[in-house]
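> Starting from these lines, generate the structure:
(chains A and B)
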Amino acid sequence: MHLLEFERSVLSTSLELTQVETMRELTLDDLDDMVIGATLLGTGGGGDPYIARLMVRQAMERFGAIKIVDPSELDPDGLVLTTAVIGAPTVIIEKPPAGTEFVACVKALAAHLGKEPVALMPIEVGGMNTLIPLATAAEMGLPVIDADSMRRAFPQIEMTVFTLAGIPAAPMSVADEKGNVVVFQTINNQVAEKLARASVMQLGMANGISCYPMTVKQVSDHGIQGSMSYCVDLGKRLNAVKRGEEGAFEEFLRFSGGRKYFSGKVIDVDRRTTAGFARGTVVLEDLAESDRIMRVEIQNEFLIAFEDGKPVITTPDLICFLDYETADPITTETLAYGQRINVIGLPCAPEWHQPGMLELVGPKAFGYDVDFVSMGGVTA
Amino acid sequence: MSTRLRIGIDVGGTNTDAVVVDDGGNVLSSTKTATTPDPSDGIRIALEEVIADVDRAHITQAMLGTTHPANAIIRRRDLDPIGILRLAAPASLAIRPGMAWPKDLHDTVIGRAAILRGGFEYDGEEISPLDEDGVRAFARDCMGVVRAIALSSAFAPATTDHELRAAAIINEVTGGQIAVSMSHQVGSLGLLERENATILNASLFGVARRVVDGFQTALTSHGLDVESYLTQNDGTLMTAEEAVRLPILTVGSGPTNSMRGACALAGLSNALVIDVGGTSADVGILVDGFPRESAAAVEVGGVRTNFRMPDLISIGLGGGTVVTESGSTVIVGPDSVGYLVVTEALVSGGRTLTLSDIAVRSGRLTGFGDASLAAGISDATVTGALAWVDEQITVLCDRMKASRASMPLIAVGGGSHLVPEHVNGVAEVIRPAHYAVANAFGAAIAEASGAVDRVYRYEALGRDACLEEAKQMAVDAAVRAGADPEAVRITSVAEVPMSYLPGQGCRVQVKAAGPLKG
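Numbers count the residues shown, from 1 in each chain, chains lettered A, B, ... in the order given. Below you'll find the predicted structure:
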């Protein structure tokens, strides 16, 4: 703990010193903001970032500061690799990571490609996978590129803006903590998803994955730009709301382009598990007018919100539940009757709005016969 | 036939209460004394007072609910230094033991720590074989440094082998000089949280020994040769000897005893309970006689654990809550004079307008202070303050309920006069007799229990067979804990499907409970 406090002061000093450059070092304060931002961008799912946050803290203690960079600071031809945890949340809490599984899958993919990475990148800025690449990057002495492929959580590997750009998820690698690694090539990202899941089942259900190898130029052309900073900045604003600062909620909405759709009380939660996905429906009743009802459909994440039967927020736009009193983001596992909730819609990252979005991550991609209702003012 | 009597004692932060209860649940005597700096003194005094006029030959059992262990953690006092051994490597190396602990508690408790090879996968295979030499070396390294070792391994709730083997090795190396706490006895799924709970448990061994010795000495010094028990977080009993090994399971027993006692005094097993004190009001819910447990992780002394504690919602609403008038608006709280309400409130001759004054002025509270001193409070202030109180209580009750169905509300605590006669969504408000000693009553009526928390794969045996097995294991555990085999029953069954797991993996939690035998 001494070390951490020492580092905190050192890090905040170095932050001031490096402000003239774009490259910046992540501080422990940033980490707190990033964790709440990541929970919010998990839209009810994405896995609890608690374990990942402890990993990042330990990695900062052992390996030093973590650097966040923009693509413009790197060689455009440099290799960027992603890393993330893949498996069952219930297994991950019982068998937390070694750290080595992420390093191993990155190294295996680099060896397969015959090239060393210049930076790591999160696939998913939303939930626990926002933070995993930070710990790995610290251990490998690499920077983390300020971009991702979702800027929210989705349950499947192919649900990325990279798929829309025609960038393959494979070759990809999956590793466990014991030294087992598989690297494979697939013909499309849907098969990649299936092979990754099958490997994970044989390797203990809590693994590291590295996929979507690409160049820095591809990241800047096709990735969602600035998502790590966005997550920290969003979390900072949400923490201000939680502290009850004047005007903080308005600032939070202004920054995110979000809108409050509903203030209601949970009157029904229906959960079921089919094909490995936690599906369910939650129904809210307006706090003031009890005949106003909102229904939200869940498949690991909140996907569609209906008000009085009409869809009002639809995937890939984000549906976020905030505790009415504390402004804590509420995850789907902790939903319970009687909770009082503000339902916030956040527009998805603008990079999503391109041909193919709805087929990949729109309501119909999840089996709902519902048209997309854009929050972003852009129709795909 | 003579009746059998039970003593219930509850040591709280402020008061130590005791009751003597007969088989029919009737309160034969009760007492309330101040909690003493050494809580054993308070126990002795309360015991002496409560048995003064009962036939002690008929007393067969004594139950203690106490805040000693919780206070030891909160105040970082009397905790033993501990060695932490985690069997999971190479898994989990990215997060060392004690990573997120508050520094002062870390420095007090954590003497040695290691992560060694061992532990299991979700399907029962070994992550790696147990590093027995490593366990021996760790045990030797702990000699003379720590008082106990907290042992945990990955998936121990499903597969206990490595914890049992490592404990045996430690015993052998240290000649039994270092006590061992095993995680599978302490907590459920969630390695880091279970490890934390096991560390806290081991660090409380000394405190627990002293509490139990003090309790038993107090009993024998009054000529009581009776079975002694401690109440645990879920409202059921552990034998005193078991409590010495698992003291962490008692840290949440106070609110549980209060809620169970309140419901039993009111003759109900499904109800909302509101406990209004000087500063705050807690609302909980009893389902089939037991408090509903919280879904979220519970922190104990700043450390995240995976205990299921009573699901309580607290707000700053009590008899001492300060009321201020600002123009035409009335502001209630958040400040409170707390227990000083007996001198600070207007009706007590003090100078602070509190909710107790509002209650006296409105007629909700009688017989407290001098009502004429509250006569100057305006009608608008009374109406505004009571509207706030009623709204808060309505919202609290509504948030706690599990469905829209109307339920009774039991009001206890020194500030319970603030609870109105009618609350929306509440069938009726009940104010039971003896509510001042609800905690001790809750301890006196506690039952023996057994619990199972494990992961099943339904495709092997089928869901029904798996549930049947889990229920039988819970019943057996309850009987081992002293429950009457004729009267033991299943009190809760929860199935949590495991997402992303192949097949029909399901976490099953079952509890059984029954009255003590004989």
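> Just give the nearest non-adjacent residue to whichever residue of the stretch 51-200 of chain B sits closest to chain A, would you?
Closest residue of the stretch 51-200 of chain B to chain A, CB to the nearest CB: residue B:94 (3.6 Å). No exception for glycine: its C-beta is placed from N, CA and C like everyone else's. Nearest residue to residue B:94 in three dimensions, chain neighbours excluded: residue A:99, at 3.6 Å (CB to CB, 6 or more residues apart in numbering or on different chains).
> surely the one you found meets residue B:93?
Yes. Counting by CB atoms under 8 Å, residue A:99 does reach residue B:93; the two are 6.0 Å apart.
> how about the strands in the stretch 201-350 of chain B?
B:227-231, B:236-239, B:271-276, B:281-287, B:290-291, B:298-300, B:303-305, B:313-315, B:321-326, B:329-336 (DSSP state E, counting those that start in this stretch).
> still on that earlier bit, thought the residue of the stretch 51-200 of chain B closest to chain A was touching residue A:96?
Yes. The criterion here is CB under 8 Å, and residue B:94 meets it with residue A:96 at 6.5 Å.
> okay, and the common contacts of the two?
Shared contacts of residue B:94 and residue A:96, defined by CB atoms under 8 Å, 6 or more residues apart in numbering or on different chains, are found at residue A:55.
> Would it be right to say that residue B:170 lies in a helix?
Yes. Assessed by DSSP: H, G, I helix; E, B strand; the rest coil, residue B:170 belongs to a helix.
> So what's the residue count around it?
Residue B:170: 25 surrounding residues under other CB atoms under 10 Å in any protein chain shown.
> With the one 10 residues further on instead?
One way to gauge burial is a neighbour count; for residue B:180, by other CB under 10 Å, it gives 23.
> Skipping adjacent residues, who's closest to residue B:251 in space?
residue B:70 (4.3 Å).
> From residue A:232, how far off is the residue nearest the centre of chain A?
In chain A, the residue lying closest to the centroid (CA atoms, centre = their mean) is residue A:126, at 1.8 Å. Look at residue A:126 and residue A:232: by CB to CB, to the nearest Å, they are 13 Å apart.
> Find the residues that touch each one of those two.
Contacts common to residue A:126 and residue A:232, judged by CB under 8 Å, 6+ apart, are absent.
> Residue numbers of the stretch 51-200 of chain B in contact with chain A?
B:88-96, B:99-100, B:103, B:106, B:119, B:121-122, B:127-128, B:154-155, B:189-193 (CB under 8 Å from any CB of the partner chain).
> Next, count neighbours for the residue of the stretch 51-200 of chain B closest to chain A.
Neighbour tally, residue B:94, other CB under 10 Å: 27.
> what's it in contact with, if anything?
Shown in contact with residue B:94 (CB under 8 Å, 6+ apart): A:54-55, A:58-59, A:96-99, A:135.
> For chain B, state which of those is nearest.
Distances from chain B to the contacts of residue B:94, taken by CB to the nearest CB, are shortest for residue A:99, at 3.6 Å.
> Identify the residues contacting that closest one.
For residue A:99, the contact set (CB under 8 Å, 6+ apart) comprises A:55, A:59, A:135-136, A:139, B:93-94.
> and it, what are its phi and psi?
Dihedral angles of residue A:99 (phi, psi; degrees, to the nearest 10) stand at phi 100, psi -40.
> Break down the stretch 251-400 of chain B into its helices, ranges please.
B:253-266, B:341-344, B:355-362, B:379-400 (DSSP state H, counting those that start in this stretch).
> actually the stretch 401-518 of chain B, not the one I typed
Using DSSP H, counting those that start in this stretch, the helices of the stretch 401-518 of chain B run over B:438-444, B:458-461, B:463-480.
> Tell me which of the strands of the stretch 201-350 of chain B is the most buried.
Mean neighbour count (mean count of other CB atoms under 10 Å in any protein chain shown) peaks for strand B:271-276 among these, with a mean of 26.
> Tell me how many other residues crowd the one residue in the stretch 301-450 of chain B that gets nearest to chain A.
Ranked by CB to the nearest CB, the top residue of the stretch 301-450 of chain B for proximity to chain A is residue B:399, at 4.2 Å. Neighbourhood size, residue B:399 [other CB under 10 Å]: 18.
> Same list, the helices of the stretch 251-400 of chain B, but as CSV with mean pLDDT please.
CSV is the format used below for those (pLDDT from 0 to 100):
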stretch, mean pLDDT
helix B:253-266, 90
helix B:341-344, 86
helix B:355-362, 94
helix B:379-400, 92
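> Mind telling me which of the helices of the stretch 401-518 of chain B the model trusts least?
Ranked by mean pLDDT, the helices of the stretch 401-518 of chain B bottom out at helix B:458-461, with a mean of 79.
> Check whether that helix comes near chain A.
No. Helix B:458-461 stays clear of chain A (CB under 8 Å from any CB), getting no nearer than 11.4 Å.
> which parts of that helix are buried?
residue B:458 (16 or more other CB atoms under 10 Å in any protein chain shown).
> cool, stretch A:281-297 as well?
Applying 16+ other CB under 10 Å to stretch A:281-297 flags A:282-285, A:287, A:293-297 as buried.
> Those residues in strands, which ones?
A:282-285, A:293-297 (DSSP state E).
> so where's the stretch 151-300 of chain B shaky on pLDDT?
B:295-296 (pLDDT under 70).
> Tell me the secondary structure of residue A:345, please.
Using three-state DSSP, the structure places residue A:345 in strand.
> excluding its backbone neighbours, what's nearest it?
Using CB to CB, 6+ apart, the closest residue to residue A:345 is residue A:313 (4.0 Å).
> Check residue A:104 too.
Counting by CB to CB, 6+ apart, the residue nearest residue A:104 is residue A:175, at 4.0 Å.
> helices or strands up against the strand ranked longest in chain A?
For chain A, the strand with the greatest residue count under DSSP E is strand A:259-274. Applying 3 or more CB pairs under 8 Å, 6 or more residues apart in numbering or on different chains; DSSP states H and E, one finds that strand A:259-274 contacts strand A:277-286, strand A:293-299, strand A:301-307, strand A:340-346, strand B:489-497.
> Alpha carbons of the last one, as CSV, please.
C-alpha atoms of strand B:489-497 as CSV (Å, rounded to 0.1, in the frame of the first residue of the first chain):
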residue,chain,number,x,y,z
ARG,B,489,-37.2,-28.5,7.2
ILE,B,490,-35.8,-26.9,4.0
THR,B,491,-35.9,-23.2,4.5
SER,B,492,-34.6,-22.0,1.1
VAL,B,493,-33.6,-23.3,-2.3
ALA,B,494,-31.9,-21.1,-4.9
GLU,B,495,-30.7,-22.1,-8.3
VAL,B,496,-28.4,-19.8,-10.3
PRO,B,497,-27.8,-20.9,-13.9
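> for it, packing partners?
By 3+ CB pairs under 8 Å, 6+ apart, strand B:489-497 packs against strand A:259-274, helix B:463-480, strand B:505-514.
> now swap in the second one and tell me
Using 3+ CB pairs under 8 Å, 6+ apart as the contact criterion, the secondary-structure elements in contact with strand A:293-299 are strand A:259-274, strand A:277-286, strand A:301-307.
> Compute the inter-axis angle for the second one and strand A:293-299.
Spelled out, that is strand A:277-286. 170 degrees (axes from the mean of the first three to the mean of the last three CA atoms, to 10 degrees).
> Strand A:277-286 pairs with which strands, parallel or anti?
strand A:259-274 (antiparallel), strand A:293-299 (antiparallel) (DSSP bridges).
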